[in-house]
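Trainee: My questions are about this predicted structure, shown below with the sequence.
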Amino acid sequence: MHTLPQPRRPWLAAAMSLVLPGFGQLYNGEANKAIWLFFGFAVLSIPGLSCVALYLPGAYMLPALVIALILTLAIWGYGLLDAWRSARQLEHFQPPGWQISGVYVLVFTLCSLAQWFLVDYVRAHLVQSLYIPSSSMEPGILQGDVLFADMRYNCPDCKAAVQRGDIAIFVYPNDRTRKFIKRVIALPGDAVRIQGHTVWVNAQPITVPEGDAASGTDVSGTDVSGTDASGSDASGGLVTERLDKRQWQVQWSGIDTQAADTELIVPPGQAYVLGDNRNNSKDSRLFGTVPLSDIVGKAQQIWFSKSTQAQIRWQRLGRVVQ
């Protein structure tokens, strides 16, 4: 018994490709093309962007992201147009036996689940995009920055261990549904002392004298200019700190009201963290040390930034976090 021809509807083929790249080709009976379109879209849109975020230098990140986005949209657009054009030519289409509604539902469900698991894996184990809602890490990281966090950091099989000076992403001890971002100042066994605007680690002050900081270059060659990350003058509250051959700027303002003077030995399996905006940061001075096991990521680079006045900070796009 022969089935009657069932012409393909171009609008339906295009709509299916709009919902899921390659789905319209499946409707047109082009299973091989459907697989390749979906595979190309999935690889470019998720792992491809992750590789850009993790492995490319900061100067190339933004153009690479734009190129990856254009290619992803191009695959999506091509799939939609191709499905519509092919359907117009299939006036005498004889659907194969597998083209039934149940197969469409199954394929759509499996592809959606595959995308969801891929996104979830990338976010948990490779890279995650994080929005910064507060000013606690200024001047290096501003409120409104959106950055990539390296999630290969501090995991059992990872080579990247927590180091002093890292800007870490961790689970907030007082609310485990939230994540905080702070700078790691001390590790297990380190002696920490904070008095006024000066921080000591293992009896050594980490504040760089003004004469050393004014040279503009730390021992690792990282440029340190006289302005903060937002372009304002570095005078009045900005201080340079150096620890383990790494250098960054912090800001203080007036009397520190966050916590009293502190002196402690970091317990085993813990880390002491501080915000770079010392007078506007909820950190270890208030909630204590953070378990190393709760540190889940490391700030990598900024891929988007918008001020509180909704203005895009173009000069910050692609900036590597120090």
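Mentor: On my side now, so go ahead.
Trainee: Please verify my assumption that Arg319 contacts Gln301.
Mentor: Yes - contact criterion CB atoms under 8 Å: Arg319 and Gln301 qualify, at 6.3 Å. For the C-beta atoms, the positions are set from N, CA and C on the backbone; glycine is no exception.
Trainee: Let me see the ranges of the helices in the protein.
Mentor: Secondary structure of the chain (DSSP state H): helices located at 10-19, 23-27, 31-43, 49-55, 58-88, 101-125, 210-213, 284-287.
Trainee: Show me what the fifth one is packed up against.
Mentor: Counting by 3 or more CB pairs under 8 Å, 6 or more residues apart in numbering; DSSP states H and E, the packing neighbours recorded for helix 58-88 are helix 10-19, helix 23-27, helix 31-43, helix 49-55, strand 295-305.
Trainee: Give me whichever of these is most buried.
Mentor: Across the helices and strands packed on helix 58-88, averaging neighbours per residue (mean count of other CB atoms under 10 Å) puts helix 23-27 on top, at a mean of 26.
Trainee: Could you check how far that helix is from the centre of its chain?
Mentor: 33 Å (CA atoms, centre = their mean, to the nearest Å).
Trainee: Low-confidence regions, the stretch 101-250 of the chain specifically.
Mentor: In the prediction, the stretch 101-250 of the chain carries residues with pLDDT under 70 at positions 210-236.
Trainee: I'd like the helices and strands packed on helix 58-88 as TSV, with distance to Arg242 and mean pLDDT appended.
Mentor: Formatted as TSV, the helices and strands packed on helix 58-88 follow (distance: least, CB to CB, whole Å; pLDDT from 0 to 100):
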stretch	distance to Arg242	mean pLDDT
helix 10-19	54	93
helix 23-27	56	93
helix 31-43	42	91
helix 49-55	27	73
strand 295-305	19	91
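Trainee: Relative to Leu90, which of the ones you listed is closest?
Mentor: helix 10-19 (8.8 Å; CB to CB).
Trainee: which other helices and strands contact that closest one?
Mentor: So helix 10-19, by 3+ CB pairs under 8 Å, 6+ apart, packs with helix 23-27, helix 58-88.
Trainee: May I see those arranged in a markdown table, with distance to Arg246 as well?
Mentor: A markdown table is the format used below for these (distance: least, CB to CB, whole Å):
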| stretch | distance to Arg246 |
| --- | --- |
| helix 23-27 | 50 |
| helix 58-88 | 17 |
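Trainee: how's the chain carved up into domains?
Mentor: The chain breaks down by automatic domain parsing into domains covering 10-125, 128-316.
Trainee: what's near enough to touch the residue most central in space within the chain?
Mentor: In the chain, the residue lying closest to the centroid (CA atoms, centre = their mean) is Phe148, at 2.2 Å. The neighbourhood of Phe148, defined by CB atoms under 8 Å, 6 or more residues apart in numbering, consists of Ala53, Leu54, Val127, Gln128, Ser129, Leu130, Gln300, Gln301, Ile302, Trp303.
Trainee: so can I have JSON lines of the helices and strands packed on helix 58-88 showing distance to Thr262?
Mentor: As requested, these are exported to JSON lines (distance: least, CB to CB, whole Å):
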{"stretch": "helix 10-19", "distance to Thr262": "56"}
{"stretch": "helix 23-27", "distance to Thr262": "59"}
{"stretch": "helix 31-43", "distance to Thr262": "49"}
{"stretch": "helix 49-55", "distance to Thr262": "35"}
{"stretch": "strand 295-305", "distance to Thr262": "20"}
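Trainee: which residue ranges form the strands in the stretch 101-250 of the chain?
Mentor: 127-131, 145-150, 167-171, 179-186, 191-195, 198-201, 204-205, 238-243, 246-251 (DSSP state E, counting those that start in this stretch).
Trainee: Kindly reformat the ones you listed as TSV and extend each row with distance to Val107.
Mentor: Below are those laid out as TSV (distance: least, CB to CB, whole Å):
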stretch	distance to Val107
strand 127-131	29
strand 145-150	32
strand 167-171	37
strand 179-186	36
strand 191-195	57
strand 198-201	57
strand 204-205	62
strand 238-243	54
strand 246-251	51
